[in-house]
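S.K.: 3D, please:
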Amino acid sequence: MQQAQSAEPQDFDRVLTSMCTEPHPRAREAAERFLATNPGDPGTYGTVADLETEAVELLGEIAGLSDPAGYVSSGGTESNIQAVRIARNRADTDEPNVVAPTSAHFSFHKAAELLGVELRTAPTADHRAGVAAMAELVDDDTVAVIGVAGSTEYGVVDPIPAIADLAADAGALCHVDAAWGGFYLPFTGHDWHFGHADIDTLTIDPHKAGRAAVPAGGLLARSDSLFDDLAVDTPYLESTAQITLTGTRSGAGVASAVAAMDAMWPGGYRDQYERAMANAEWLADALASRGHDVFGPELPLVTADLSVPMTDELRERGWRVSKTGSGELRIVCMPHVTRSMLRSFVADLDWY
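M.R.: The predicted model follows:
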């Protein structure tokens, strides 16, 4: 007990690989105030239920949807699982499949296993979804087609309008995973959201670049009716039905998401994106000038072909870094990553 009381959380001064970051001060305060409330019982906890409605409206504004449906989830994994669950439950087939690029987040593999859905993955070109390759995997049993708007390994944005057209032609739902990219993409020229394409559901996480406290994910849908097949009766609660995957949820995530978005949308998020991109571009240039093969940044994420021993040495010096599935060093320029941090990092690289 003494150790738990005295333990301090890890700081962010050498964290270069996480897609979470330090919460906005207002988000931190709001999370503490609503820590014990339960959005899973909205009939009892009416204030946090109202805040969740506000959170969904704000997320809809960011994602190009004027009358959004949705809720604050535990994160991208839950939202992606729920999107696949919606697609499966609405479809008229006993052998449902979902088509996605190989760059899709590993949560879709979890979804396929949990829901008894076949996941079909198509090869990418330069880490971006190939629509023609995806089309070859679509058939009459395809219930959803997935696009990624800000991939977690390379920060790439798929051709979302073309993927939405493919889904429409197949009579399938179109889901976009913008869990990480969603709070950067409004300030780019990418077509990625409900206003750009006829997509059905979208994942966007306030607890990543949105600066909310963890956990605070988001699942949006074009229509409330998309959630109808998820509803289960809740006879002992004041509310009569529930569409979420989890039951009890802390109101901390809901309240912190609203607080962060109120404080930062849109100007604060724009400034944050511009700083992050400038840092990512600086890092990419610094690595390329040292002879490394660099990919990105399309969004504030850079990969480079450092050797595995060098990556291990960096970890021994306290840098929290990771590798892609192909072994490249992967750096995510989240809001806590400063130019000073990156200069120190590159200096340590030069030491080797």
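
S.K.: okay, how far is it across stretch 177-191, tip to tip?
M.R.: Distance across stretch 177-191, first residue to last, is 13 Å (C-alpha to C-alpha, to the nearest Å).

S.K.: for the record, mean pLDDT for it?
M.R.: Regarding stretch 177-191, the rounded mean pLDDT is 98.

S.K.: pull out the buried residues from that stretch.
M.R.: For stretch 177-191, a neighbour-count test (16 or more other C-beta atoms under 10 Å) marks 177, 178, 179, 180, 181, 182, 183, 184, 185, 186, 190, 191 as buried. Bear in mind the C-beta positions are built from the backbone N, C-alpha and C, glycine included.

S.K.: also stretch 293-311?
M.R.: Within stretch 293-311, the residues that count as buried by 16+ other C-beta under 10 Å are 294-304, 306, 311.

S.K.: give me the residues contacting that stretch.
M.R.: Stretch 293-311 is contacted from outside by 127, 150, 153-157, 180-181, 184-185, 188, 273, 276-277, 279-281, 283-284, 287-288, 292, 321, 323-324, 327-334, 349, 352, using C-beta atoms under 8 Å, 6 or more residues apart in numbering.

S.K.: any idea of the mean pLDDT in it?
M.R.: For stretch 293-311, the per-residue pLDDT averages 89.

S.K.: quick one: end-to-end length of it, please.
M.R.: Stretch 293-311 has an end-to-end distance of 15 Å (criterion: C-alpha to C-alpha).

S.K.: buried ones among the contacts of stretch 293-311?
M.R.: The neighbour count (16+ other C-beta under 10 Å) marks 127, 150, 153-157, 180-181, 184-185, 273, 276-277, 279-280, 283-284, 287, 292, 321, 323, 328-334, 349 as buried among those.

S.K.: residue 175 in helix, strand or coil?
M.R.: Following DSSP: H, G, I helix; E, B strand; the rest coil, we place residue 175 in the strand state.

S.K.: correct me, but it touches residue 84?
M.R.: Yes. In this structure, residue 175 is within contact of residue 84 by C-beta atoms under 8 Å, at 7.5 Å.

S.K.: rewinding a little: so which of the contacts of stretch 293-311 sit within helices?
M.R.: In this view, the contacts of stretch 293-311 that belong to helices under DSSP state H are 273, 276, 277, 279, 280, 281, 283, 284, 287, 288, 349.

S.K.: quick one, strands of the stretch 1-150 of the chain?
M.R.: Along the stretch 1-150 of the chain, counting by DSSP state E, counting those that start in this stretch, strands occupy 69-71, 97-101, 118-122, 124-125, 128-129, 142-148.

S.K.: kindly export the longest one (C-alpha atoms) in CSV.
M.R.: Right, strand 142-148. Only the C-alpha atoms of strand 142-148 are listed here, as CSV (Å, rounded to 0.1, in the frame of the first residue of the first chain):
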residue,chain,number,x,y,z
THR,A,142,-19.3,-8.1,-47.1
VAL,A,143,-21.0,-6.1,-44.3
ALA,A,144,-18.5,-3.3,-43.9
VAL,A,145,-15.6,-1.7,-45.7
ILE,A,146,-13.0,0.1,-43.6
GLY,A,147,-10.9,3.2,-44.3
VAL,A,148,-8.1,4.6,-42.1
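
S.K.: for that strand, packing partners?
M.R.: Judged by 3 or more C-beta pairs under 8 Å, 6 or more residues apart in numbering; DSSP states H and E, strand 142-148 is in contact with helix 76-90, strand 97-101, helix 160-170, strand 173-177.

S.K.: can you lay out those as JSON lines showing distance to residue 64?
M.R.: Conversion of the helices and strands packed on strand 142-148 to JSON lines gives the following (distance: least, C-beta to C-beta, whole Å):
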{"stretch": "helix 76-90", "distance to residue 64": "17"}
{"stretch": "strand 97-101", "distance to residue 64": "22"}
{"stretch": "helix 160-170", "distance to residue 64": "11"}
{"stretch": "strand 173-177", "distance to residue 64": "11"}
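
S.K.: out of the ones you listed, which is the most enclosed?
M.R.: strand 173-177 (a mean of 29; mean count of other C-beta atoms under 10 Å).

S.K.: stretch 209-222: end-to-end distance?
M.R.: Chord length of stretch 209-222, first to last residue, is 23 Å (C-alpha to C-alpha).

S.K.: and that stretch, what's its mean pLDDT?
M.R.: Average pLDDT, stretch 209-222: 97.

S.K.: how about low-confidence regions in this protein?
M.R.: 1-6, 233, 236-242, 308, 352 (pLDDT under 70).

S.K.: skipping adjacent residues, who's closest to residue 338 in space?
M.R.: Of all residues not flanking residue 338 in the chain, residue 279 sits nearest, at 7.4 Å (C-beta to C-beta, 6 or more residues apart in numbering).

S.K.: residues in contact with that neighbour?
M.R.: Counting by C-beta under 8 Å, 6+ apart, residue 279 makes contact with 300, 333, 337, 338, 339, 342.

S.K.: next, format these as CSV and append secondary structure.
M.R.: Formatted as CSV, these follow (three-state DSSP):
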residue, secondary structure
300, coil
333, coil
337, coil
338, coil
339, helix
342, helix
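
S.K.: quick check, nearest of the buried residues of stretch 293-311 to residue 101?
M.R.: Residue 101 lies nearest to residue 298 out of the buried residues of stretch 293-311, by C-beta to C-beta, at 14.8 Å.
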